[in-house]
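Trainee: quick one: sequence plus predicted model below, questions after.
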Amino acid sequence: MDFKHYKPNRIFSIIKKIAKLLLPEKIFNKLRKIGIELLWLVVYSNKNKRYKNSDIYINSFKNLSGLEIGGPSWAWMTILPIYNSIKNLDNIVTPSKENQIKKNENNRYWGYKTGQIINVTSGWEKAVEGKDKFNWHLMNKGDIFFQDATNLNKIDDNKYDFVISSNVLEHIANPLKALNEFKRVIKKNGFIAIIVPYYKYTFDFKRPVTTIEHIREDFINSVGEDDLTHLKEVVELTDEGDPDHNAQVNPNFNKKEFEEYCKDNFNNRVMHHHVYDVDLLKSVANEANLKVLDLNYFANSCVMLTQKY
């Protein structure tokens, strides 16, 4: 797998520095976000840069209203640009019991805690629950709900046309429970689109793919999101230093710090409970009684579109 790292254009870097000096921080960050999203809109109008079956997703989601678990996500703006075709989008943020966010520049994990939302241009930010608090693309806004993905009890049955999640399912200890909740909140014939890391091209490459039997047992046993069954395996086999398997090599990775962070996984959700390939993703969908419409690899990810029937 050839991971390409792009250096920023020198002219754009100079313009950014000047704008940062002249504008208030809040306005600068807002304009920067919109500018980058507009740039992506132009770049990924070229279908050759997208996932090969992206039109299936774009056409399926056109003018529909849905729910995103986590996000907003770079993938839905670029390689699978459904943000450009949907009508409305609300958001689920894992609630936090903590206000304190640890900072450690040497370890990229330490910037995240529950209760946060991703800003695709500047990193993690504190989320605010409520109406129109989810700025998912350009000037578009939806509502934010503080909920765990496995318990969406603030949301009525059959409310949405679709659910999407990118790089979330691997962080969920009980994925079948989550998928059943995703199904519950979408209408009949509604869609669920999922992206997960393909383990061979992430820091999970030394770990074995999880079996569907294990995931089924987690569901039967009502495993909670505080589960640390995989802690030992995760700590021992996570490898962020190999450039052939990591899009972002972390030369400062500290296994001891990582272990301590994973022990508090309920409050940061950094740990990958399960390890996926497309076969496991298909088995999970079948187990949840979802119809698989599309399933494939793209770059370092597994991509799947399913439908409730």
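Mentor: Now that the structure is in, tell me what you want to look at.

Trainee: following the chain past the helix ranked longest in the chain, name the next helix or strand.
Mentor: Longest helix in the chain, counting residues (DSSP state H): helix 25-43. Next helix or strand after helix 25-43 toward the C-terminus (DSSP states H and E): helix 54-61.

Trainee: just grab the bridge partners of Gln307 for me.
Mentor: Phe191, Lys291 (DSSP bridges).

Trainee: so what's it up against?
Mentor: Contacts for Gln307 (Cβ atoms under 8 Å, 6 or more residues apart in numbering) come out as Asn189, Gly190, Phe191, Ile192, Leu290, Lys291, Leu293. The way it works is simple: take the backbone N, C-alpha and C, and place the C-beta from them, glycine included.

Trainee: which stretches of the protein form strands?
Mentor: Remark: strands assigned in the chain by DSSP state E are 65-69, 88-93, 116-119, 123-126, 130-137, 140-146, 160-166, 186-197, 290-298, 301-308.

Trainee: hmm, who's touching the fifth one?
Mentor: When you say that, I think you mean strand 130-137. So strand 130-137 is in contact with 33, 37, 68, 71-72, 76-77, 83-84, 89-91, 117, 127, 141-144, going by Cβ under 8 Å, 6+ apart.

Trainee: is it true that Lys200 touches Asp244?
Mentor: No - judged on Cβ atoms under 8 Å, Lys200 makes no contact with Asp244 at a distance of 9.8 Å.

Trainee: any idea how far Asp90 is from Ala247?
Mentor: 29 Å (Cβ to Cβ, to the nearest Å).

Trainee: ok, these two, which is more surrounded?
Mentor: Legend: neighbour count by other Cβ atoms under 10 Å for Asp90 and Ala247, higher for Asp90 (21 against 15).

Trainee: quick check: the more buried one vs Ala193, distance?
Mentor: Here the criterion is Cβ to Cβ. By it, Asp90 lies 15 Å from Ala193.

Trainee: likewise Phe146?
Mentor: Separation of Phe146 from Ala193 (Cβ to Cβ) stands at 23 Å.

Trainee: which one of the two has more residues nearby?
Mentor: Neighbours per residue, other Cβ under 10 Å: of Phe146 and Ala193, the larger number sits with Ala193, 25 against 17.

Trainee: could you find the closest non-adjacent residue to the more buried one?
Mentor: Once flanking residues are discounted, Ala193 sits nearest to Ile164: 4.7 Å by Cβ to Cβ, 6 or more residues apart in numbering.

Trainee: quick check: that neighbour touching Phe182?
Mentor: No - look at Ile164 against Phe182 with Cβ under 8 Å: they stay out of range, at 9.3 Å.

Trainee: so what sits against both of these two?
Mentor: What both Ile164 and Phe182 touch, as defined by Cβ under 8 Å, 6+ apart, is the set Ile69, Ile192.

Trainee: show me where the stretch 101-250 of the chain has helices.
Mentor: 175-185, 212-220, 231-237 (DSSP state H, counting those that start in this stretch).

Trainee: what mean pLDDT does stretch 137-155 get?
Mentor: Across stretch 137-155, pLDDT averages out at 95.

Trainee: show me what counts as buried in it.
Mentor: For stretch 137-155, burial by neighbour count (16 or more other Cβ atoms under 10 Å) applies to 137, 141-150, 152, 155.

Trainee: now the residues you listed as CSV including distance to Glu236?
Mentor: Shown next, in CSV, are the buried residues of stretch 137-155 (distance: Cβ to Cβ, whole Å):
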residue, distance to Glu236
His137, 39
Lys141, 43
Gly142, 40
Asp143, 41
Ile144, 36
Phe145, 36
Phe146, 33
Gln147, 32
Asp148, 27
Ala149, 27
Thr150, 26
Leu152, 34
Ile155, 38
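
Trainee: between these, which is closest to Arg216?
Mentor: Checking the buried residues of stretch 137-155 against Arg216 with Cβ to Cβ, the nearest one is Thr150 at 15.3 Å.

Trainee: quick check: that closest one touching Leu179?
Mentor: No - Thr150 is beyond contact range of Leu179, at 9.4 Å (criterion: Cβ under 8 Å).

Trainee: just the buried subset of the contacts of Gln307, please.
Mentor: Buried, going by 16+ other Cβ under 10 Å: Gly190, Phe191, Ile192, Leu290, Leu293, out of those.

Trainee: pretty sure the fourth one sits against Ile192.
Mentor: Yes - using Cβ under 8 Å, Leu290 is in contact with Ile192, at 6.4 Å.

Trainee: between these two, which contacts overlap?
Mentor: Shared contacts of Leu290 and Ile192, counting by Cβ under 8 Å, 6+ apart, come down to Leu179, Lys183, Thr306, Gln307, Lys308.
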